[in-house]
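Novice: return atomic coordinates for the entry below.
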Amino acid sequence: MKINRQRRTELATKMFQLLYEHPAGLAMEGIVAQLEESVPLTAAERGPHHVQANRSAFEEALWTGTIAAAKAGWLENNRGHLSLTAEGREVFQDIGDKFIAEAASRSIKGRLSVTSPDAYRRATGLVDRVLIEYRLARRVGLRQLLRKPENGSSWENVLPIQAPQRFSLPENVKNLASVIDNLKSTHERYFEGGHAIYIPPQVARQSVFAELLENYPADAGIKLIKHPGGVDESHYLRAGFGAGIGESVMQKNVVYDHRRLTLVANLLFEMGVGARLYDLIELKASECVMTAFIVAHAGERVPSMEECEAGRQRIEELEREGVLRVNLPDGFADEDFECPTCNGNAVMSGDGKFHYVDFQNFLLVNYENYLEQIAREATEKSHFGDRNVLRGGTYLYQSIPGVHLPSRRKIDDRMVVLNELMKKAGLSLEKRMVLDVGCNIGGMMGQYLKLGARWCHGWDRDYVVPHTEKLLRALGCTRFSTTGGDINQETDLTQVPEFARDLLDGCVISYLAVRGHLGWLKALGRIPWSFMIYEGHEDETASDFEEHLNGLRKLADFRSAAIGNYADGDSDQRFVAILQRQ
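Specialist: Here you go, the predicted model:
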């Protein structure tokens, strides 16, 4: 259905009245929702606007009404977030209902958009679209533009390895609209963009997310995706993205899915220009499933021009170095990189660090090389890196997913046996915390997170754990923490992050090939663990294995729920067991 000129002007004027009442501006979705409640609309005007890639005639009229005002310099449109400029507010206050007519008189394009909107869109839309898509293709390359994840390189097929978690929201939360209503009731400030809603920690802990955030550090905020659906069903970009003038339809093909975005977020954090990502989760409401990223609060202070330019320069360096690439058609000329605010994406943390928060604006480049570099650094620093002339010198103790480097231990082979033993024992790592004693560079913690562990905490030498954390982030893991230092009989295994201490009750102990070096730590008798994943050493006999378990029985009462053995990589056969606490 087409709306006549008088009706378009009426609807657009009501929109500008709403924007006048909200000096900070509103997202287009919020404008539509509020006007639908106050403006009588016909069924035809409402139309199928909830259907992806479609707009109702009502929404189309509103969008058309923005063009003349924007051309006159009276309206700012930051990727769907609209606000009147200072001049625009003054003009609207003076002339009100004549606002659109006056805006249309300021430019030819503005006049055409009001008097002949269909002709305007035909005249400008096709040319703009071709130029935008051409710029996008030049920036990211046709290979990236047309790529299909399932045909990607080795790392793309296996990373990230961490499994997302699912949480249920309170029963009264039906959908995204319910969440927004709840946030408004807190009377606290949150941030709504075109594709996501960011909820700072202090706001989220007063909202329907309060119970959820008990599973994360105190500085955790929530980046809630507007597009409905779970991790594998939804997309970061909102429904209908690319339908408007000045937007790329093909960009959706180059923005990563939610899982791969965790790799980008981790990389930005590792490179010092992003906040830490804690998790990728699904939220079950009564009527739908939503996707969210749990992120460390990046800060709220707008950087100075100098601070922003320094931060952007660092990102530009990463692109020149072939680590990542901006996926926007205009690259660093896009408003999302315009200092000092970068369209709201640039903030300074409390300790004065520059953070860029929109990790969906990047692609990974030469990521396999990045993984291999991290692996080689870990090899040099890991105290379990062995030397082998046939292997070319020092090589990894643990194999690394997505990296084709030799290693002494094959994680995949180990996990096949350990999975079978846990199933035989009727036990699972899901939603449990795992304490990994002697975690090395984190390969097994990554596998535990792949099996749904709620959090992992590892202990190893202080010169090893920085590489543990770096590698885990590169593999797409986020739910972990480490402690560096010598491990001895007095090591306190309860010293985990404060938010995770309640998870000690019923936790899992990972004690793999370390008993011969450490003995049985006294803390194993004090922690209320549920079960232990235990691995003995090479050349141990069955009687040796039982004798060593008797040493643990002096600290804790348990039963051997499942026992097996394996020989993986360059390692000889050894016994493994699932020990269940009585």
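Novice: you'd agree residue 95 is in a helix?
Specialist: Yes. Residue 95 sits within a helix when classified using DSSP: H, G, I helix; E, B strand; the rest coil.
Novice: so it sits right up against residue 89, yeah?
Specialist: No. The pair residue 95 / residue 89 is not scored as a contact, 11.8 Å apart, by CB atoms under 8 Å. Glycine gets a C-beta too; all of them are placed from N, C-alpha and C.
Novice: more neighbours, those two?
Specialist: A count of neighbours by other CB atoms under 10 Å puts residue 89 above the other of residue 95 and residue 89, at 16 against 13.
Novice: low-confidence ranges, this protein, go.
Specialist: Within the chain, the segments meeting pLDDT under 70 span 1-3, 41-57, 59-61, 79, 118-136, 142-153, 239-251, 381-398, 405-409, 568-571.
Novice: can you name the residues bridging to residue 577?
Specialist: Counting by DSSP bridges, residue 577 is bridged to residue 534, residue 563.
Novice: give the buried residues for the helix or strand where residue 87 lies.
Specialist: Secondary structure assignment for residue 87, by DSSP states H and E: helix 86-95. Applying a neighbour-count criterion of 16 or more other CB atoms under 10 Å, one finds 88, 89, 91, 92 buried in helix 86-95.
Novice: show me what contacts residue 16?
Specialist: 65, 69, 84, 92, 99, 100 (CB atoms under 8 Å, 6 or more residues apart in numbering).
Novice: now residue 24
Specialist: residue 83.
Novice: please report how far it lies from residue 32.
Specialist: Going from residue 24 to residue 32 by CB to CB, to the nearest Å gives 18 Å.
Novice: that older thread, farthest pair within the buried residues of helix 86-95?
Specialist: Spanning the widest gap among the buried residues of helix 86-95 are 89 and 91, at 7.4 Å by CB to CB.
Novice: before we move on, back to that, the helix holding residue 87 packs against which elements?
Specialist: Counting contacts by 3 or more CB pairs under 8 Å, 6 or more residues apart in numbering; DSSP states H and E, helix 86-95 is packed against helix 5-21, helix 99-104.
Novice: just name the most buried of the ones you listed.
Specialist: For the helices and strands packed on helix 86-95, the largest average neighbour count (mean count of other CB atoms under 10 Å) is found in helix 99-104, namely a mean of 22.
Novice: contacts made by that one with the rest, please.
Specialist: Against helix 99-104 from outside (CB under 8 Å, 6+ apart): 9, 12-13, 16, 65, 68-69, 71-72, 74, 91-92, 95, 110-111, 113-115.
Novice: can we see that at 7 Å?
Specialist: The contact list for helix 99-104 (CB atoms under 7 Å, 6 or more residues apart in numbering) reads 9, 12-13, 16, 65, 68-69, 72, 74, 91-92, 95, 110-111, 114.
Novice: before we move on, back to that, between the buried residues of helix 86-95, which is nearest residue 254?
Specialist: Checking those against residue 254 by CB to CB gives residue 88 as the nearest, at 33.9 Å.
Novice: tell me, how many residues neighbour the closest residue in space to the closest one that isn't next to it in sequence?
Specialist: Of all residues not flanking residue 88 in the chain, residue 74 sits nearest, at 3.0 Å (CB to CB, 6 or more residues apart in numbering). Each residue near residue 74 was counted by other CB under 10 Å, and the total is 23.
Novice: tell me where the stretch 51-200 of the chain has strands.
Specialist: Secondary structure of the stretch 51-200 of the chain, counting by DSSP state E, counting those that start in this stretch: strands at 75-78, 81-84, 165-168, 191-192, 196-199.
Novice: do you know which of the ones you listed lies nearest residue 469?
Specialist: Nearest of the strands of the stretch 51-200 of the chain (CB to CB): strand 165-168, 20.0 Å.
Novice: what's that closest one packed up against?
Specialist: Other elements packing on strand 165-168 under the criterion 3 or more CB pairs under 7 Å, 6 or more residues apart in numbering; DSSP states H and E are strand 277-284.
Novice: list the strands paired with the strand it packs on, with their directions.
Specialist: Next to strand 277-284 in the sheet, as set by DSSP bridges, lie strand 165-168 (parallel), strand 289-296 (antiparallel).
Novice: out of the ones you listed, which is the most enclosed?
Specialist: strand 289-296 (a mean of 23).
Novice: what's in contact with that strand?
Specialist: By CB under 7 Å, 6+ apart, the list of residues contacting strand 289-296 from outside reads 176, 216, 219-225, 228-231, 234, 258, 275-283.
Novice: equivalent analysis for stretch 535-542, please.
Specialist: In this structure, residues lying in contact with stretch 535-542 by CB under 7 Å, 6+ apart are 512, 513, 516, 545, 548, 571, 572, 574, 575, 576.
Novice: circling back to that earlier point, redo the buried residues of helix 86-95 as CSV? Include distance to residue 195.
Specialist: CSV is the format used below for these (distance: CB to CB, whole Å):
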residue, distance to residue 195
88, 25
89, 27
91, 30
92, 28
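Novice: which one of the residues you listed is nearest residue 331?
Specialist: Distances from residue 331 to these, taken by CB to CB, are shortest for residue 88, at 29.1 Å.
Novice: do you know how far residue 261 is from residue 444?
Specialist: Taking CB to CB, one finds residue 261 at 25 Å from residue 444.
Novice: the two: who's more crowded?
Specialist: More neighbours surround residue 444 than the other of residue 261 and residue 444, with 25 against 20 (other CB under 10 Å).
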